[in-house]
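>>> Provide a 3D model corresponding to the input given below.
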Amino acid sequence: MSFQRLTIQILLVMVMLGAGNRWAGTADAEDPWEFAPYRIRTWVQMADHPSLNSVLLDEIAYRIPASAELLDRSGWQIRVEKAPREYRQRIVAGVEDIELTQEMKATADVIKGDRIAFVNIAVQGNDYIVKCRQLDCQTHLWGPTSTKVTRYASLLPRLIFTALKETLVPIAKIEKIEGKYVRLRVRAAQIMKKIENGVLVPNTRSPGWVDLKSIFMPVVRLNDKDGNIQLKNGIKIYDWTFLRPVEEVRSEHVKTESYIRAEIHGAKRAPLAGRTNRSQRKFAVVVRPTLTETRLTLMTRDKTPKPIPDKRIYVKYPGEKDSQVMGQTNRKGEIVIGSNEQPLHLVYIKSGERRILARLPIVPGYYNQLMADMKDDKYRLRAEGVLAGFEFNFMDLTVRRQVLALRIRTSLEKGKHEEARRLYNDFTTQLESRDRFLGRISKNRSELMKDEDIDSRQKELIYKMFSDFDVLVRQKMSPTLSYDLDQEILNVEKGGTYKPNNENLDTSDIDKNLEDAQKGG
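You can find the predicted model right below:
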(Lines give C-alpha, C1' and ligand atoms only; values in the text may rest on other atoms or scores of the structure.)
Protein backbone atom coordinates (compact mmCIF):
# COMPACT_ATOMS: atom_id res chain seq x y z
CA MET A 1 0.00 0.00 0.00
CA SER A 2 1.41 3.39 -0.96
CA PHE A 3 2.04 6.07 1.66
CA GLN A 4 -0.45 8.37 -0.11
CA ARG A 5 -3.21 5.75 -0.02
CA LEU A 6 -2.51 4.94 3.63
CA THR A 7 -2.68 8.63 4.55
CA ILE A 8 -6.02 9.05 2.79
CA GLN A 9 -7.53 6.04 4.55
CA ILE A 10 -6.34 7.26 7.96
CA LEU A 11 -7.91 10.67 7.32
CA LEU A 12 -11.19 9.09 6.23
CA VAL A 13 -11.30 6.86 9.31
CA MET A 14 -10.67 9.91 11.49
CA VAL A 15 -13.52 11.74 9.79
CA MET A 16 -15.84 8.77 10.28
CA LEU A 17 -14.95 8.39 13.95
CA GLY A 18 -15.11 12.11 14.72
CA ALA A 19 -18.21 13.02 12.71
CA GLY A 20 -20.57 12.22 15.54
CA ASN A 21 -18.99 14.84 17.80
CA ARG A 22 -19.95 17.77 15.54
CA TRP A 23 -23.47 18.98 15.06
CA ALA A 24 -24.19 22.69 14.89
CA GLY A 25 -23.78 24.68 11.70
CA THR A 26 -24.31 24.13 8.01
CA ALA A 27 -22.20 21.97 5.71
CA ASP A 28 -20.07 24.85 4.49
CA ALA A 29 -19.41 26.23 7.96
CA GLU A 30 -17.21 23.39 9.17
CA ASP A 31 -16.40 20.76 6.56
CA PRO A 32 -15.38 20.70 2.92
CA TRP A 33 -18.40 19.88 0.78
CA GLU A 34 -17.49 16.26 0.03
CA PHE A 35 -16.64 15.63 3.70
CA ALA A 36 -19.77 17.29 5.13
CA PRO A 37 -22.35 14.84 6.56
CA TYR A 38 -26.06 15.52 6.30
CA ARG A 39 -27.21 16.84 9.68
CA ILE A 40 -30.91 16.24 10.18
CA ARG A 41 -32.69 17.95 13.04
CA THR A 42 -35.89 15.95 13.56
CA TRP A 43 -38.91 17.67 15.10
CA VAL A 44 -41.55 15.23 16.30
CA GLN A 45 -45.15 16.20 17.02
CA MET A 46 -47.28 13.50 18.68
CA ALA A 47 -51.03 13.35 19.02
CA ASP A 48 -52.66 13.67 22.46
CA HIS A 49 -52.86 9.96 23.26
CA PRO A 50 -51.83 7.97 26.39
CA SER A 51 -49.37 5.81 24.46
CA LEU A 52 -47.71 8.84 22.84
CA ASN A 53 -45.84 10.26 25.81
CA SER A 54 -42.45 11.60 26.86
CA VAL A 55 -41.12 8.08 27.49
CA LEU A 56 -41.80 7.11 23.89
CA LEU A 57 -40.24 10.36 22.65
CA ASP A 58 -37.09 9.61 24.67
CA GLU A 59 -36.94 6.14 23.14
CA ILE A 60 -37.33 7.63 19.64
CA ALA A 61 -34.62 10.18 20.38
CA TYR A 62 -32.24 7.38 21.44
CA ARG A 63 -32.98 4.64 18.90
CA ILE A 64 -33.05 6.71 15.72
CA PRO A 65 -29.55 8.26 16.04
CA ALA A 66 -28.24 4.82 17.03
CA SER A 67 -29.80 3.25 13.92
CA ALA A 68 -28.36 6.05 11.78
CA GLU A 69 -24.87 5.34 13.09
CA LEU A 70 -25.22 1.64 12.35
CA LEU A 71 -26.31 2.36 8.78
CA ASP A 72 -23.76 5.08 7.97
CA ARG A 73 -22.02 6.74 10.89
CA SER A 74 -20.16 9.31 8.79
CA GLY A 75 -22.62 10.14 6.00
CA TRP A 76 -25.47 11.50 8.11
CA GLN A 77 -26.32 12.50 11.66
CA ILE A 78 -29.74 12.74 13.28
CA ARG A 79 -30.94 14.56 16.35
CA VAL A 80 -34.52 14.08 17.58
CA GLU A 81 -36.43 16.75 19.51
CA LYS A 82 -39.97 17.64 20.41
CA ALA A 83 -41.35 20.04 17.81
CA PRO A 84 -41.07 23.73 18.81
CA ARG A 85 -44.35 25.26 19.89
CA GLU A 86 -44.62 27.63 16.90
CA TYR A 87 -44.46 24.72 14.44
CA ARG A 88 -46.78 22.23 16.11
CA GLN A 89 -50.03 23.40 14.58
CA ARG A 90 -48.53 23.48 11.12
CA ILE A 91 -47.21 19.94 11.52
CA VAL A 92 -50.58 18.65 12.73
CA ALA A 93 -52.34 20.36 9.79
CA GLY A 94 -50.29 18.23 7.40
CA VAL A 95 -46.57 17.94 6.79
CA GLU A 96 -47.24 17.29 3.09
CA ASP A 97 -48.54 20.85 2.76
CA ILE A 98 -46.40 22.60 5.34
CA GLU A 99 -44.87 25.96 4.41
CA LEU A 100 -42.75 28.32 6.48
CA THR A 101 -43.43 32.01 6.87
CA GLN A 102 -40.76 34.59 6.06
CA GLU A 103 -40.31 35.10 9.82
CA MET A 104 -39.68 31.37 10.32
CA LYS A 105 -37.15 31.31 7.49
CA ALA A 106 -35.30 34.16 9.19
CA THR A 107 -34.84 32.26 12.47
CA ALA A 108 -31.50 30.74 13.44
CA ASP A 109 -33.01 27.24 13.21
CA VAL A 110 -33.36 27.65 9.44
CA ILE A 111 -30.57 30.10 8.57
CA LYS A 112 -27.92 28.17 10.50
CA GLY A 113 -29.52 24.77 10.00
CA ASP A 114 -28.85 22.02 7.52
CA ARG A 115 -31.90 19.77 7.28
CA ILE A 116 -35.09 19.84 9.35
CA ALA A 117 -37.36 16.79 9.33
CA PHE A 118 -40.97 17.45 10.34
CA VAL A 119 -42.59 14.31 11.78
CA ASN A 120 -46.23 13.98 12.78
CA ILE A 121 -47.60 10.96 14.67
CA ALA A 122 -51.39 10.79 14.52
CA VAL A 123 -53.84 8.20 15.83
CA GLN A 124 -56.71 6.99 13.69
CA GLY A 125 -58.77 4.17 15.19
CA ASN A 126 -56.26 1.49 16.18
CA ASP A 127 -53.57 2.77 13.81
CA TYR A 128 -50.63 5.06 14.38
CA ILE A 129 -49.94 7.14 11.25
CA VAL A 130 -46.46 8.59 10.76
CA LYS A 131 -45.84 11.33 8.20
CA CYS A 132 -42.41 12.80 7.54
CA ARG A 133 -41.05 15.49 5.26
CA GLN A 134 -37.69 17.27 5.17
CA LEU A 135 -36.67 20.85 4.47
CA ASP A 136 -33.23 21.60 3.06
CA CYS A 137 -32.30 24.82 4.84
CA GLN A 138 -29.61 25.67 2.26
CA THR A 139 -32.08 25.81 -0.60
CA HIS A 140 -35.48 26.12 1.15
CA LEU A 141 -36.58 23.14 -0.94
CA TRP A 142 -38.95 20.50 0.43
CA GLY A 143 -38.44 16.82 -0.18
CA PRO A 144 -41.09 14.12 -0.70
CA THR A 145 -43.52 13.01 1.98
CA SER A 146 -43.30 9.54 3.49
CA THR A 147 -46.29 7.94 5.19
CA LYS A 148 -46.09 4.88 7.45
CA VAL A 149 -48.85 3.04 9.33
CA THR A 150 -48.64 0.59 12.25
CA ARG A 151 -50.81 -0.75 15.06
CA TYR A 152 -47.93 -1.03 17.48
CA ALA A 153 -46.42 1.97 19.25
CA SER A 154 -43.20 -0.01 19.77
CA LEU A 155 -42.61 0.06 16.01
CA LEU A 156 -42.78 3.84 15.74
CA PRO A 157 -39.01 4.47 16.13
CA ARG A 158 -38.29 2.04 13.29
CA LEU A 159 -40.94 3.57 11.03
CA ILE A 160 -39.72 7.11 11.68
CA PHE A 161 -36.16 6.02 10.90
CA THR A 162 -37.31 4.44 7.62
CA ALA A 163 -39.23 7.61 6.76
CA LEU A 164 -36.12 9.72 7.41
CA LYS A 165 -34.12 7.54 5.01
CA GLU A 166 -36.78 7.85 2.32
CA THR A 167 -37.14 11.62 2.62
CA LEU A 168 -33.45 12.52 2.60
CA VAL A 169 -32.78 14.10 -0.80
CA PRO A 170 -29.06 14.12 -1.73
CA ILE A 171 -27.61 17.29 -3.18
CA ALA A 172 -24.59 18.17 -5.32
CA LYS A 173 -22.80 21.35 -6.29
CA ILE A 174 -22.68 22.31 -9.96
CA GLU A 175 -18.97 22.90 -10.20
CA LYS A 176 -18.54 23.69 -13.87
CA ILE A 177 -20.61 23.86 -17.07
CA GLU A 178 -18.93 22.26 -20.07
CA GLY A 179 -21.15 22.74 -23.11
CA LYS A 180 -24.02 20.28 -22.78
CA TYR A 181 -22.44 18.68 -19.70
CA VAL A 182 -21.87 19.73 -16.07
CA ARG A 183 -19.53 18.64 -13.31
CA LEU A 184 -21.30 17.61 -10.12
CA ARG A 185 -19.65 17.33 -6.70
CA VAL A 186 -21.90 15.20 -4.51
CA ARG A 187 -22.13 16.16 -0.87
CA ALA A 188 -20.53 13.72 1.61
CA ALA A 189 -19.21 11.63 -1.28
CA GLN A 190 -15.83 11.16 0.42
CA ILE A 191 -17.21 10.00 3.78
CA MET A 192 -20.04 7.68 2.74
CA LYS A 193 -17.68 4.81 3.39
CA LYS A 194 -17.54 1.59 5.38
CA ILE A 195 -14.75 -0.74 6.34
CA GLU A 196 -14.80 -4.25 4.87
CA ASN A 197 -11.91 -6.61 5.57
CA GLY A 198 -9.84 -3.68 6.77
CA VAL A 199 -10.41 -1.67 3.56
CA LEU A 200 -12.55 1.43 3.06
CA VAL A 201 -15.23 0.86 0.40
CA PRO A 202 -18.24 2.95 -0.72
CA ASN A 203 -21.28 2.58 1.52
CA THR A 204 -23.98 2.23 -1.12
CA ARG A 205 -26.59 1.66 1.62
CA SER A 206 -26.15 5.22 2.85
CA PRO A 207 -29.33 7.31 2.34
CA GLY A 208 -27.17 10.04 0.77
CA TRP A 209 -25.58 7.71 -1.76
CA VAL A 210 -25.85 8.76 -5.41
CA ASP A 211 -25.17 6.50 -8.39
CA LEU A 212 -25.21 7.00 -12.17
CA LYS A 213 -28.89 6.06 -12.34
CA SER A 214 -29.90 9.13 -10.33
CA ILE A 215 -31.49 12.13 -12.04
CA PHE A 216 -30.79 15.66 -10.79
CA MET A 217 -32.77 18.89 -10.95
CA PRO A 218 -30.62 22.07 -11.17
CA VAL A 219 -31.41 25.07 -8.97
CA VAL A 220 -29.77 28.43 -8.31
CA ARG A 221 -29.54 29.88 -4.82
CA LEU A 222 -29.44 33.67 -4.52
CA ASN A 223 -27.60 35.00 -1.47
CA ASP A 224 -27.93 38.25 0.40
CA LYS A 225 -24.99 40.46 1.39
CA ASP A 226 -24.29 38.25 4.44
CA GLY A 227 -24.05 35.10 2.35
CA ASN A 228 -27.39 33.71 3.54
CA ILE A 229 -30.13 32.66 1.15
CA GLN A 230 -32.50 35.47 0.23
CA LEU A 231 -35.71 35.01 2.18
CA LYS A 232 -37.89 36.01 -0.75
CA ASN A 233 -37.41 34.34 -4.14
CA GLY A 234 -34.07 32.97 -3.01
CA ILE A 235 -34.27 29.87 -5.21
CA LYS A 236 -34.64 29.69 -8.97
CA ILE A 237 -35.72 26.36 -10.43
CA TYR A 238 -34.98 25.69 -14.08
CA ASP A 239 -38.25 24.61 -15.69
CA TRP A 240 -38.16 21.47 -17.83
CA THR A 241 -34.48 20.85 -17.09
CA PHE A 242 -32.80 17.76 -15.64
CA LEU A 243 -29.26 16.43 -15.38
CA ARG A 244 -28.49 12.79 -16.25
CA PRO A 245 -25.18 11.32 -15.04
CA VAL A 246 -23.14 9.67 -17.79
CA GLU A 247 -19.87 8.83 -16.03
CA GLU A 248 -17.88 9.10 -12.83
CA VAL A 249 -14.55 10.83 -13.48
CA ARG A 250 -11.70 9.87 -11.16
CA SER A 251 -8.95 12.25 -10.11
CA GLU A 252 -5.57 11.59 -11.68
CA HIS A 253 -3.83 12.28 -8.36
CA VAL A 254 -6.19 11.04 -5.63
CA LYS A 255 -7.92 7.85 -6.74
CA THR A 256 -10.67 8.10 -4.12
CA GLU A 257 -11.69 11.55 -5.34
CA SER A 258 -14.11 11.88 -8.23
CA TYR A 259 -16.88 13.96 -9.72
CA ILE A 260 -19.95 13.08 -11.77
CA ARG A 261 -20.20 14.21 -15.36
CA ALA A 262 -23.86 14.77 -16.19
CA GLU A 263 -25.65 15.60 -19.43
CA ILE A 264 -27.99 18.59 -19.51
CA HIS A 265 -31.50 17.94 -20.85
CA GLY A 266 -33.67 21.04 -21.17
CA ALA A 267 -36.58 22.38 -23.16
CA LYS A 268 -34.43 25.38 -24.14
CA ARG A 269 -30.99 25.49 -25.65
CA ALA A 270 -28.24 25.96 -23.07
CA PRO A 271 -30.70 26.29 -20.13
CA LEU A 272 -27.93 26.70 -17.56
CA ALA A 273 -26.05 29.35 -19.52
CA GLY A 274 -25.81 32.87 -18.20
CA ARG A 275 -23.64 35.03 -16.03
CA THR A 276 -22.93 33.98 -12.49
CA ASN A 277 -21.50 35.99 -9.62
CA ARG A 278 -20.60 35.57 -5.99
CA SER A 279 -24.20 36.06 -4.90
CA GLN A 280 -25.32 33.01 -6.87
CA ARG A 281 -24.65 29.34 -6.19
CA LYS A 282 -25.76 26.48 -8.39
CA PHE A 283 -26.87 23.18 -6.91
CA ALA A 284 -28.40 19.98 -8.23
CA VAL A 285 -30.85 17.99 -6.12
CA VAL A 286 -31.65 14.34 -6.70
CA VAL A 287 -35.10 13.68 -8.12
CA ARG A 288 -36.91 10.85 -6.36
CA PRO A 289 -40.39 10.18 -7.79
CA THR A 290 -43.05 9.04 -5.32
CA LEU A 291 -45.90 8.57 -7.82
CA THR A 292 -46.43 6.19 -10.73
CA GLU A 293 -47.47 8.76 -13.34
CA THR A 294 -47.63 12.43 -14.27
CA ARG A 295 -50.50 14.15 -16.05
CA LEU A 296 -49.28 16.61 -18.69
CA THR A 297 -51.65 19.35 -19.89
CA LEU A 298 -51.02 21.49 -22.97
CA MET A 299 -52.50 24.99 -22.96
CA THR A 300 -52.38 27.88 -25.43
CA ARG A 301 -50.14 30.82 -24.59
CA ASP A 302 -52.90 33.41 -24.78
CA LYS A 303 -54.56 35.94 -22.48
CA THR A 304 -57.27 33.33 -22.05
CA PRO A 305 -55.47 29.95 -22.18
CA LYS A 306 -57.32 27.08 -23.81
CA PRO A 307 -56.57 23.34 -23.89
CA ILE A 308 -54.71 22.06 -26.96
CA PRO A 309 -56.30 18.75 -27.98
CA ASP A 310 -55.28 16.14 -30.57
CA LYS A 311 -51.55 16.80 -30.43
CA ARG A 312 -49.45 13.69 -31.05
CA ILE A 313 -47.02 12.92 -28.25
CA TYR A 314 -43.77 11.03 -28.79
CA VAL A 315 -41.18 9.86 -26.28
CA LYS A 316 -37.48 9.19 -26.66
CA TYR A 317 -35.08 8.02 -24.00
CA PRO A 318 -31.56 9.44 -23.54
CA GLY A 319 -29.01 7.48 -25.52
CA GLU A 320 -31.58 6.12 -27.99
CA LYS A 321 -31.97 7.34 -31.56
CA ASP A 322 -35.59 6.50 -32.31
CA SER A 323 -38.71 7.89 -30.70
CA GLN A 324 -42.00 6.08 -30.20
CA VAL A 325 -45.60 7.22 -30.21
CA MET A 326 -47.01 7.69 -26.73
CA GLY A 327 -50.47 8.88 -27.75
CA GLN A 328 -52.24 12.19 -28.21
CA THR A 329 -53.82 14.78 -25.95
CA ASN A 330 -57.54 14.46 -25.21
CA ARG A 331 -60.13 17.22 -25.54
CA LYS A 332 -58.83 18.73 -22.28
CA GLY A 333 -55.31 18.87 -23.70
CA GLU A 334 -54.17 16.11 -21.31
CA ILE A 335 -52.06 12.99 -21.60
CA VAL A 336 -50.90 10.65 -18.81
CA ILE A 337 -47.21 9.72 -18.81
CA GLY A 338 -46.50 6.59 -16.80
CA SER A 339 -43.21 5.73 -15.15
CA ASN A 340 -41.07 2.77 -16.27
CA GLU A 341 -37.48 1.56 -15.97
CA GLN A 342 -36.30 4.72 -17.75
CA PRO A 343 -36.35 7.56 -15.16
CA LEU A 344 -35.98 10.43 -17.68
CA HIS A 345 -38.42 10.81 -20.59
CA LEU A 346 -37.79 13.21 -23.47
CA VAL A 347 -41.33 14.06 -24.53
CA TYR A 348 -41.93 15.59 -27.97
CA ILE A 349 -45.15 17.41 -28.85
CA LYS A 350 -45.76 17.11 -32.57
CA SER A 351 -48.23 19.13 -34.60
CA GLY A 352 -49.12 17.83 -38.05
CA GLU A 353 -46.52 16.02 -40.10
CA ARG A 354 -43.76 18.61 -40.11
CA ARG A 355 -43.35 20.54 -36.92
CA ILE A 356 -42.18 19.76 -33.39
CA LEU A 357 -43.84 22.22 -31.02
CA ALA A 358 -41.79 21.38 -27.94
CA ARG A 359 -39.27 19.00 -26.38
CA LEU A 360 -39.97 18.51 -22.68
CA PRO A 361 -37.74 16.47 -20.37
CA ILE A 362 -39.99 14.83 -17.75
CA VAL A 363 -39.41 12.47 -14.83
CA PRO A 364 -42.78 10.69 -14.56
CA GLY A 365 -44.05 10.43 -11.00
CA TYR A 366 -41.99 13.34 -9.67
CA TYR A 367 -44.84 15.80 -10.19
CA ASN A 368 -48.49 14.84 -10.06
CA GLN A 369 -49.40 17.36 -12.77
CA LEU A 370 -47.48 19.51 -15.23
CA MET A 371 -48.74 22.22 -17.55
CA ALA A 372 -46.93 23.36 -20.68
CA ASP A 373 -48.07 26.50 -22.44
CA MET A 374 -47.26 27.03 -26.09
CA LYS A 375 -48.43 28.92 -29.10
CA ASP A 376 -51.43 27.30 -30.72
CA ASP A 377 -50.33 26.60 -34.28
CA LYS A 378 -53.78 25.81 -35.67
CA TYR A 379 -53.27 28.37 -38.46
CA ARG A 380 -49.96 26.86 -39.50
CA LEU A 381 -51.53 23.42 -39.26
CA ARG A 382 -54.39 24.56 -41.50
CA ALA A 383 -51.84 25.94 -43.96
CA GLU A 384 -49.98 22.63 -43.86
CA GLY A 385 -53.18 20.83 -44.86
CA VAL A 386 -53.77 23.25 -47.75
CA LEU A 387 -50.19 22.89 -48.90
CA ALA A 388 -50.40 19.09 -48.73
CA GLY A 389 -53.25 19.26 -51.25
CA PHE A 390 -51.16 21.46 -53.55
CA GLU A 391 -48.22 19.09 -53.26
CA PHE A 392 -50.39 16.19 -54.40
CA ASN A 393 -51.69 18.31 -57.32
CA PHE A 394 -48.11 19.26 -58.14
CA MET A 395 -46.92 15.66 -58.37
CA ASP A 396 -49.92 14.64 -60.44
CA LEU A 397 -49.68 17.64 -62.76
CA THR A 398 -45.93 17.32 -63.24
CA VAL A 399 -46.10 13.64 -64.16
CA ARG A 400 -49.07 14.16 -66.52
CA ARG A 401 -47.23 17.02 -68.25
CA GLN A 402 -44.19 14.83 -68.76
CA VAL A 403 -46.28 11.89 -69.99
CA LEU A 404 -48.13 14.00 -72.58
CA ALA A 405 -44.92 15.73 -73.65
CA LEU A 406 -43.28 12.33 -74.20
CA ARG A 407 -46.25 11.01 -76.19
CA ILE A 408 -46.28 14.15 -78.35
CA ARG A 409 -42.58 13.86 -79.11
CA THR A 410 -42.88 10.12 -79.77
CA SER A 411 -45.60 10.88 -82.37
CA LEU A 412 -43.40 13.55 -83.95
CA GLU A 413 -40.48 11.12 -84.11
CA LYS A 414 -42.75 8.76 -86.10
CA GLY A 415 -43.87 11.60 -88.35
CA LYS A 416 -47.46 11.59 -87.07
CA HIS A 417 -47.93 15.32 -86.68
CA GLU A 418 -51.78 15.08 -86.70
CA GLU A 419 -51.70 12.82 -83.62
CA ALA A 420 -49.12 15.09 -82.01
CA ARG A 421 -51.37 18.13 -82.59
CA ARG A 422 -54.35 16.33 -81.04
CA LEU A 423 -52.30 15.40 -77.98
CA TYR A 424 -51.05 18.97 -77.76
CA ASN A 425 -54.65 20.24 -77.66
CA ASP A 426 -55.24 17.87 -74.70
CA PHE A 427 -52.09 19.29 -73.09
CA THR A 428 -53.34 22.88 -73.30
CA THR A 429 -57.01 22.27 -72.50
CA GLN A 430 -56.92 19.47 -69.90
CA LEU A 431 -53.84 20.40 -67.90
CA GLU A 432 -53.58 23.42 -65.65
CA SER A 433 -50.92 25.84 -66.81
CA ARG A 434 -47.91 26.66 -64.66
CA ASP A 435 -48.96 30.30 -64.20
CA ARG A 436 -52.49 29.38 -63.23
CA PHE A 437 -51.21 26.82 -60.71
CA LEU A 438 -48.86 29.39 -59.17
CA GLY A 439 -51.72 31.87 -59.04
CA ARG A 440 -53.86 29.45 -57.02
CA ILE A 441 -51.00 28.91 -54.58
CA SER A 442 -50.57 32.65 -54.08
CA LYS A 443 -54.30 33.21 -53.61
CA ASN A 444 -54.61 30.52 -50.95
CA ARG A 445 -51.59 31.86 -49.10
CA SER A 446 -53.14 35.32 -49.02
CA GLU A 447 -56.42 33.93 -47.74
CA LEU A 448 -54.65 32.09 -44.92
CA MET A 449 -52.76 35.20 -43.85
CA LYS A 450 -55.89 37.37 -43.56
CA ASP A 451 -57.00 36.13 -40.13
CA GLU A 452 -56.47 38.85 -37.51
CA ASP A 453 -55.76 36.35 -34.70
CA ILE A 454 -52.74 34.83 -36.40
CA ASP A 455 -49.46 35.84 -34.75
CA SER A 456 -46.32 37.01 -36.50
CA ARG A 457 -44.44 33.75 -35.87
CA GLN A 458 -47.09 31.63 -37.55
CA LYS A 459 -47.28 34.10 -40.42
CA GLU A 460 -43.55 33.74 -40.88
CA LEU A 461 -43.76 29.93 -40.89
CA ILE A 462 -46.69 29.88 -43.32
CA TYR A 463 -44.96 32.32 -45.64
CA LYS A 464 -41.81 30.21 -45.66
CA MET A 465 -43.71 26.99 -46.31
CA PHE A 466 -45.47 28.46 -49.35
CA SER A 467 -42.36 30.29 -50.58
CA ASP A 468 -40.29 27.11 -50.55
CA PHE A 469 -43.01 25.29 -52.44
CA ASP A 470 -43.33 28.16 -54.92
CA VAL A 471 -39.60 27.89 -55.68
CA LEU A 472 -39.90 24.14 -56.22
CA VAL A 473 -42.81 24.57 -58.63
CA ARG A 474 -40.94 27.18 -60.67
CA GLN A 475 -37.90 24.92 -60.85
CA LYS A 476 -39.72 21.76 -61.90
CA MET A 477 -42.49 23.11 -64.17
CA SER A 478 -40.89 24.64 -67.25
CA PRO A 479 -42.59 27.91 -68.27
CA THR A 480 -41.74 27.30 -71.96
CA LEU A 481 -42.82 23.65 -72.27
CA SER A 482 -46.11 24.45 -74.00
CA TYR A 483 -44.40 26.87 -76.42
CA ASP A 484 -41.58 24.41 -77.17
CA LEU A 485 -44.04 21.59 -77.99
CA ASP A 486 -46.06 23.87 -80.29
CA GLN A 487 -42.92 24.91 -82.19
CA GLU A 488 -41.77 21.31 -82.52
CA ILE A 489 -45.18 20.31 -83.99
CA LEU A 490 -45.17 23.27 -86.41
CA ASN A 491 -41.74 22.29 -87.64
CA VAL A 492 -42.93 18.76 -88.50
CA GLU A 493 -46.17 20.10 -90.03
CA LYS A 494 -44.03 22.23 -92.40
CA GLY A 495 -42.05 19.17 -93.52
CA GLY A 496 -39.23 19.26 -91.00
CA THR A 497 -37.98 16.38 -88.86
CA TYR A 498 -38.01 15.98 -85.10
CA LYS A 499 -34.80 15.22 -83.24
CA PRO A 500 -35.47 13.63 -79.82
CA ASN A 501 -33.60 15.00 -76.79
CA ASN A 502 -33.69 11.75 -74.77
CA GLU A 503 -36.20 12.96 -72.16
CA ASN A 504 -37.71 10.30 -69.90
CA LEU A 505 -40.22 9.88 -67.11
CA ASP A 506 -37.73 9.67 -64.24
CA THR A 507 -39.26 11.76 -61.44
CA SER A 508 -36.80 10.84 -58.68
CA ASP A 509 -35.39 14.36 -58.60
CA ILE A 510 -38.90 15.76 -58.19
CA ASP A 511 -39.61 13.34 -55.36
CA LYS A 512 -36.39 14.32 -53.58
CA ASN A 513 -37.01 18.05 -53.93
CA LEU A 514 -40.55 17.65 -52.73
CA GLU A 515 -39.33 15.69 -49.70
CA ASP A 516 -36.77 18.42 -48.95
CA ALA A 517 -39.47 21.08 -49.22
CA GLN A 518 -41.69 19.16 -46.79
CA LYS A 519 -38.88 18.86 -44.26
CA GLY A 520 -38.04 22.53 -44.61
CA GLY A 521 -41.63 23.50 -43.85
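>>> Can you verify Leu71 is assigned to a helix?
Yes. Counting by DSSP: H, G, I helix; E, B strand; the rest coil, Leu71 is found in a helix.
>>> Could you identify the helix or strand that succeeds the longest helix along the chain?
Counting residues, the longest helix in the chain under DSSP state H turns out to be helix 378-413. Downstream of helix 378-413, the first helix or strand assigned by DSSP states H and E is helix 417-430.
>>> For that following helix, name the packing helices and strands.
helix 378-413, helix 481-493 (3 or more Cβ pairs under 8 Å, 6 or more residues apart in numbering; DSSP states H and E). (Glycine included, C-beta is placed from N, CA and C.)
>>> burial count for Pro84?
Around Pro84 sit 13 other residues, with neighbours defined as other Cβ atoms under 10 Å.
>>> Nearest residue to it in space, please, no chain neighbours.
Leaving aside its sequence neighbours, Pro84 sits nearest to Trp43 (Cβ to Cβ, 6 or more residues apart in numbering; 6.7 Å).
>>> Which element, helix or strand, includes that neighbour?
strand 38-46.
>>> In that strand, which residues are buried?
The neighbour-count check on strand 38-46 (16 or more other Cβ atoms under 10 Å) flags Tyr38, Arg39, Ile40, Arg41, Thr42, Trp43, Val44, Gln45, Met46 as buried.
>>> do stretch 53-70 as well
For stretch 53-70, using 16+ other Cβ under 10 Å, the buried residues are Leu56, Leu57, Ile60, Ala61, Arg63, Ile64, Pro65, Ser67, Ala68.
>>> swap in stretch 110-118?
Applying 16+ other Cβ under 10 Å to stretch 110-118 flags Val110, Gly113, Asp114, Arg115, Ile116, Ala117, Phe118 as buried.
>>> okay, those in JSON lines with secondary structure and distance to Asp435 next?
Output for the buried residues of stretch 110-118, formatted as JSON lines (DSSP: H, G, I helix; E, B strand; the rest coil; distance: Cβ to Cβ, whole Å):
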{"residue": "Val110", "secondary structure": "helix", "distance to Asp435": "76"}
{"residue": "Gly113", "secondary structure": "coil", "distance to Asp435": "78"}
{"residue": "Asp114", "secondary structure": "coil", "distance to Asp435": "77"}
{"residue": "Arg115", "secondary structure": "strand", "distance to Asp435": "75"}
{"residue": "Ile116", "secondary structure": "strand", "distance to Asp435": "77"}
{"residue": "Ala117", "secondary structure": "strand", "distance to Asp435": "78"}
{"residue": "Phe118", "secondary structure": "strand", "distance to Asp435": "76"}
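>>> Turn these into TSV, including distance to Leu387.
Shown next, in TSV, are those (distance: Cβ to Cβ, whole Å):
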residue	distance to Leu387
Val110	59
Gly113	61
Asp114	60
Arg115	58
Ile116	59
Ala117	59
Phe118	58
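>>> Throw those residues into TSV and include pLDDT, thanks.
Below are the buried residues of stretch 110-118 laid out as TSV (pLDDT from 0 to 100):
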residue	pLDDT
Val110	94
Gly113	94
Asp114	96
Arg115	97
Ile116	97
Ala117	97
Phe118	98
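>>> one step back: which strands or helices does the longest helix of the chain pack on?
helix 417-430, helix 434-448, helix 456-476, helix 481-493, helix 508-520.
>>> Same list (those) but as a markdown table, adding mean neighbour count and distance to His265.
Output for the helices and strands packed on helix 378-413, formatted as a markdown table (neighbours: other Cβ atoms under 10 Å; distance: least, Cβ to Cβ, whole Å):
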| stretch | mean neighbour count | distance to His265 |
| --- | --- | --- |
| helix 417-430 | 16 | 56 |
| helix 434-448 | 14 | 36 |
| helix 456-476 | 16 | 25 |
| helix 481-493 | 16 | 52 |
| helix 508-520 | 13 | 24 |
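>>> which of those has the lowest average pLDDT?
Among the helices and strands packed on helix 378-413, helix 508-520 carries the lowest mean pLDDT, at a mean of 53.
>>> Identify the farthest-apart pair in the buried residues of stretch 110-118.
Across these, the longest distance by Cβ to Cβ is 14.4 Å; it joins Asp114 and Phe118.
>>> re earlier: okay, the helices and strands packed on helix 417-430, which one's buried deepest?
helix 378-413 (a mean of 18; mean count of other Cβ atoms under 10 Å).
>>> What separation do you get for the residue most central in space within the chain and Ser51?
For the chain, the residue sitting closest to the mean C-alpha position, by Cα atoms, centre = their mean, is Pro361 at 1.4 Å. Plainly put, Pro361 is 47 Å away from Ser51 if you go by Cβ to Cβ, to the nearest Å.
>>> ok so, going back, okay if I get the helices and strands packed on helix 378-413 as TSV plus distance to Arg278?
Below are the helices and strands packed on helix 378-413 laid out as TSV (distance: least, Cβ to Cβ, whole Å):
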stretch	distance to Arg278
helix 417-430	77
helix 434-448	53
helix 456-476	38
helix 481-493	71
helix 508-520	46
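>>> Out of these, flag the one nearest Gly365.
Of all those, helix 456-476 comes closest under Cβ to Cβ, at 33.8 Å.
>>> Check which residues of the host helix or strand of Leu243 are buried.
Using DSSP H and E, Leu243 sits in strand 241-250. For strand 241-250, burial by neighbour count (16+ other Cβ under 10 Å) applies to Thr241, Phe242, Leu243, Arg244, Pro245.
>>> Isn't the first one up against Ala270?
No. Counting by Cβ atoms under 8 Å, no contact exists between Thr241 and Ala270, whose distance comes to 10.5 Å.
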